[in-house]
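Engineer: my questions concern the predicted model and sequence given below.
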Amino acid sequence: MRIRATVAAVSGALALSALALPAAHAADGGSSFRADIAKVLAQHSSGKAAFTATSAPIGDLNVSFSDFKITKAIKVGTTSKVTTWVTYKLTHGADVDVTDSNVLTGPLIYRGSSENPDNVQGGQDPATCVDTSATTATCKGPIDIDPRTTDAEAKLRNSQAGTWHGAALAIDFDSEKTAVQFDLGTTLVQRNSTLTVNASPEPVAKGKTLTVTGKLSRANWEDHKYHGYTGQSVKLQFRKKGSSSYTTLKTVTTDSTGNLKTTTKATVDGYYRFSFAGTTTTPAVSAAGDFVDVR
């Protein structure tokens with residue numbers, strides 16, 4: 001089961017072109033939900049003025065969304081599905097019963113503009129809502145991102161790392177009414193990063209030179225491997241044995257394959273690590289400290 005929307009420009013206007021919803025509604029052996037939703041949306045837009053990009057709700061279901069809360073960043077690697085939970089407030093008319101099994105809602109995130117997004121991600125399951133008054137409810141639903149999905153429309157591309165926008169939708173199967181609202185918030189969808197370190201020789205005589213090497217890599221969503229992240233500033237840090245904090249010794253730049261190499265003088269026993277501050281497309285990461293015994 002999956003709530004997913006692909007938002008496209010239709011006759012120069014904003015509309016939902018596809019939406020898959022939980023299969024429980026297909027138990028009667030009826031047509032696929034893609035076809036059902038396409039029919040509802042075609043009826044909804046027929047003969048009406050073109051939609052315009054707006055943060056107000058779009059649709060004929062009497063609902064709106066607010067207080068959209070999502071994590072600041074979602075780290076996506078090369079193999080495992082990542083689930084992020086979103087909470088939001090749903091305000092609805094007296095004629096909408098959000099506890100009815102025929103009324104479904106869920107959060108979405110999209111990359112690019114709402115008129116013509118590059119990608120849209122939603123949840124495998126709809127949100128769960130709890131009434132807080134006669135016309136409001138608090139809802140919590142998942143965003144499930146699978147880097148190995150076979151769905152061409154949902155497949156991540158490396159160029160899509162960075163800022164994504166939040167949206168929410170609702171559909172009433174009984175009335176065949178829908179609503180979607182864009183620009184509810186933002187999050188970063190990032191290519192997961194790894195960082196290694198090795199200081200040698202070990203042990204080392206006091207005052208001698210240590211060579212510290214490592215590699216900064218990040219997920220490639222297109223070939224499902226990790227590759228070196230080039231031209232990035234990474235800090236070499238040291239933590240004295242018995243201390244709980246690291247101090248920065250110098251800044252090193254990754255080479256054309258993401259490798260790091262530098263030298264430093266050995267003074268006392270302690271741990272060396274590389275630390276990367278991150279970018280909008282790639283999360284911060286620090287290597288586990290490598291202990292060096294100084295004799």
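Structural biologist: Looks like it came in fine.
Engineer: show me the shaky parts of the stretch 1-150 of the chain.
Structural biologist: Scanning the stretch 1-150 of the chain for pLDDT under 70 picks out 1-54.
Engineer: do that again at 80, thanks
Structural biologist: Counting by pLDDT under 80, the stretch 1-150 of the chain contains low-confidence ranges at 1-55.
Engineer: run through the strands of it in chain order.
Structural biologist: Under the criterion DSSP state E, counting those that start in this stretch, the stretch 1-150 of the chain contains strands at 4-10, 13-20, 58-59, 63-69, 73-76, 82-92, 103-112, 117-121, 128-131, 136-145.
Engineer: in stretch 83-100, what's buried?
Structural biologist: Within stretch 83-100, the residues that count as buried by 16 or more other Cβ atoms under 10 Å are 84, 86, 88, 89, 90, 91, 92, 96, 98. All C-beta spots, glycine's among them, are computed from the backbone N, C-alpha and C.
Engineer: excluding sequence neighbours, find me the nearest residue to residue 156.
Structural biologist: Excluding the flanking residues, the one nearest residue 156 by Cβ to Cβ, 6 or more residues apart in numbering is residue 221, at 4.1 Å.
Engineer: where does the stretch 151-295 of the chain dip in pLDDT?
Structural biologist: Judged by pLDDT under 80, no stretch of the stretch 151-295 of the chain qualifies at all.
Engineer: could you give the number of residues near residue 70?
Structural biologist: 20 (other Cβ atoms under 10 Å).
Engineer: can you pull the contacts of it?
Structural biologist: Residue 70 sits next to 84, 86, 107, 109, 143, 166, 185, 187 when contact means Cβ atoms under 8 Å, 6 or more residues apart in numbering.
Engineer: what's around the fourth one, how many residues?
Structural biologist: The burial metric for residue 109, expressed as a neighbour count using other Cβ under 10 Å, is 24.
Engineer: distance check, it against residue 78.
Structural biologist: Counting by Cβ to Cβ, to the nearest Å, the separation of residue 109 from residue 78 is 20 Å.
Engineer: tally of neighbours for residue 56?
Structural biologist: For residue 56, the count of nearby residues is 9 (other Cβ under 10 Å).
Engineer: now it: closest residue in space that isn't a chain neighbour?
Structural biologist: Residue 56 sits nearest to residue 181 (Cβ to Cβ, 6+ apart), 7.0 Å away.
Engineer: next one: residue 170
Structural biologist: residue 105 (4.0 Å).
Engineer: residue contacts, residue 164?
Structural biologist: When contacts are taken as Cβ under 8 Å, 6+ apart, residue 164 is in contact with 109, 110, 111, 121, 186, 187, 188, 189.
Engineer: verify the contact between the second one and residue 120 for me.
Structural biologist: Yes - counting by Cβ atoms under 8 Å, a contact exists between residue 110 and residue 120, whose distance comes to 4.5 Å.
Engineer: for the contacts of residue 70, please prepare a markdown table with the additional fields distance to residue 61.
Structural biologist: Listed next are those as a markdown table, based on distance: Cβ to Cβ, whole Å:
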| residue | distance to residue 61 |
| --- | --- |
| 84 | 25 |
| 86 | 19 |
| 107 | 16 |
| 109 | 21 |
| 143 | 21 |
| 166 | 19 |
| 185 | 21 |
| 187 | 25 |
